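>>> Predicted model follows, preceded by the sequence.
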Amino acid sequence: MPILHTRAERLDRAVDALLAGSPVAPPVDPGLRPLVDLAAALRGALLPVPAGSRLEARLAARLATRSPLGDGMRAFRERATRELRSRDRLLLAGAVSSAAVGVGVTAYAVWHRSALRRS
């Protein structure tokens with residue numbers, strides 16, 4: 001980490017730490033403390049800028065719009081929740097997915113090896 005030599009660099013670092021929400025160590029230069037305190041007071045006094053009503057309306061419309069992908073994800077989530085409630089089904093799903101991964105890895109290894117032999 002570089003050593004900060006100028007007062008401006010030390011002040012910038014202290015204000016960045018303040019804005020990030022981390023505790024600010026007192027600056028080496030006591031002349032910077034009033035500026036850091038002022039920045040803290042401003043941060044506490046200023047409210048975040050709210051999004052405009054048009055943005056909120058557009059976002060709500062996009063979220064409410066049904067799409068094939070969203071419908072498919074909802075259906076998948078509902079089915080997975082229903083099917084995996086039983087412990088036996090959960091174990092079976094784990095075994096099947098593990099076997100599928102094993103078959104996939106084996107198929108890739110065989111394909112890769114045959115590709116290397118061809119070249």
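Received the coordinates, thanks. Residues are numbered from 1 along each chain as shown.
>>> can we go C-alpha only for contacts and neighbour counts from here?
Noted.
>>> Next, the contact list for V103, please.
Going by Cα atoms under 8 Å, 6 or more residues apart in numbering, V103 touches no other residue.
>>> if I look at the residue positioned nearest the centre of the chain, how far off is R10?
For the chain, the residue nearest the mean C-alpha position is A20 (16.6 Å; Cα atoms, centre = their mean). The span separating A20 from R10 equals 15 Å under the rule Cα to Cα, to the nearest Å.
>>> quick one, phi/psi of the residue nearest to the centre of the chain?
phi -80, psi -10 (degrees, to the nearest 10).
>>> any idea which element L35 lies in?
With the criterion set as DSSP states H and E, the secondary-structure element containing L35 is helix 33-45.
>>> Just give me how far that helix sits from the chain centre.
29 Å (Cα atoms, centre = their mean, to the nearest Å).
>>> got the CA positions of the following helix or strand past that helix in CSV?
Beyond helix 33-45 on the C-terminal side, the first helix or strand identified by DSSP H and E is helix 53-64. Provided in CSV are the C-alpha atoms of helix 53-64 (Å, rounded to 0.1, in the frame of the first residue of the first chain):
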residue,chain,number,x,y,z
SER,A,53,-41.9,7.7,-10.7
ARG,A,54,-41.5,6.9,-14.5
LEU,A,55,-38.5,4.6,-13.7
GLU,A,56,-40.5,2.9,-11.0
ALA,A,57,-43.5,2.4,-13.3
ARG,A,58,-41.3,1.0,-16.1
LEU,A,59,-39.5,-1.4,-13.7
ALA,A,60,-42.8,-2.6,-12.2
ALA,A,61,-44.2,-3.2,-15.7
ARG,A,62,-41.1,-5.2,-16.7
LEU,A,63,-41.2,-7.3,-13.5
ALA,A,64,-44.9,-7.9,-13.9
